[in-house]
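Trainee: okay, sequence plus prediction incoming.
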Amino acid sequence: MTLAEDLETRPTLRMQRTFDAPRALVWRAWSQPEVLVLWMGPVEWPATHVTTDFRVGGEWRIRLTSPETGEHLWQGGTYREIVEPERLVFTFKWDESHEDGPPVDTLVTVELAETSDGRTVMDFTHQGLKSEQSLTGHRYGWNSTADRLEAWLAANPD
């Protein structure tokens, strides 16, 4: 079974958010590691280290850190598609067991569309999650992360 076929058989998270920010700024937030580290990760596990080789075939790595315990969670992947400023596709995998056992390769797609009034609609898809438990955990994590992105965008209108 190919990765694409495998991804289709596992749970998929889909969400849509509208940000009161221009698409170029939302793209910058997703594409620049010095910005990504400021909002990535849920509130309980914010990013504390980000590296990216922002090109198709380039790798990315993010360390999330619990402010309560200091524990780290690492995740990473490879950029599959970059269409500035509208589409970003990358693989996603935890480094270690997370939620329901050994990590699996998953695929994230971020599509950004600018509205006529200058806001940005983000369609977000995370394919190939391991189980319904993983889907529930990632739904919470990505929604919390999107809340942090929204706060960053509001504080950085330029």
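Mentor: Structure's in. What do you need? Values in this document were obtained by computation on a predicted structure and should not be read as measured data. Numbers count the residues shown, from 1 in each chain.

Trainee: quick one: mean pLDDT for the longest helix seen in the chain?
Mentor: Taking DSSP state H as the criterion, the chain has its longest helix at helix 132-155. Across helix 132-155, pLDDT averages out at 95.

Trainee: pull out the buried residues from that helix.
Mentor: Residues of helix 132-155 classed as buried: 134-135, 137-139, 141-142, 144-146, 148-150, 152-153 (neighbour count, 16 or more other Cβ atoms under 10 Å). C-beta: built from backbone N, CA, C; applies to glycine.

Trainee: can you list the low-confidence ranges for the chain?
Mentor: Flagging of the chain using pLDDT under 70 yields the residue ranges 1-6, 99-100.

Trainee: ok, 90 please
Mentor: Flagging of the chain using pLDDT under 90 yields the residue ranges 1-10, 96-104, 131, 133, 157-158.

Trainee: which parts of it are helices?
Mentor: 3-9, 23-31, 33-36, 132-155.

Trainee: sorry, back to before: what packs against the longest helix of the chain?
Mentor: strand 13-19, helix 23-31, strand 120-127 (3 or more Cβ pairs under 8 Å, 6 or more residues apart in numbering; DSSP states H and E).

Trainee: put together CSV for the ones you listed, with distance to residue 72 and mean neighbour count on each row.
Mentor: CSV is the format used below for these (distance: least, Cβ to Cβ, whole Å; neighbours: other Cβ atoms under 10 Å):
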stretch, distance to residue 72, mean neighbour count
strand 13-19, 23, 15
helix 23-31, 22, 19
strand 120-127, 21, 18
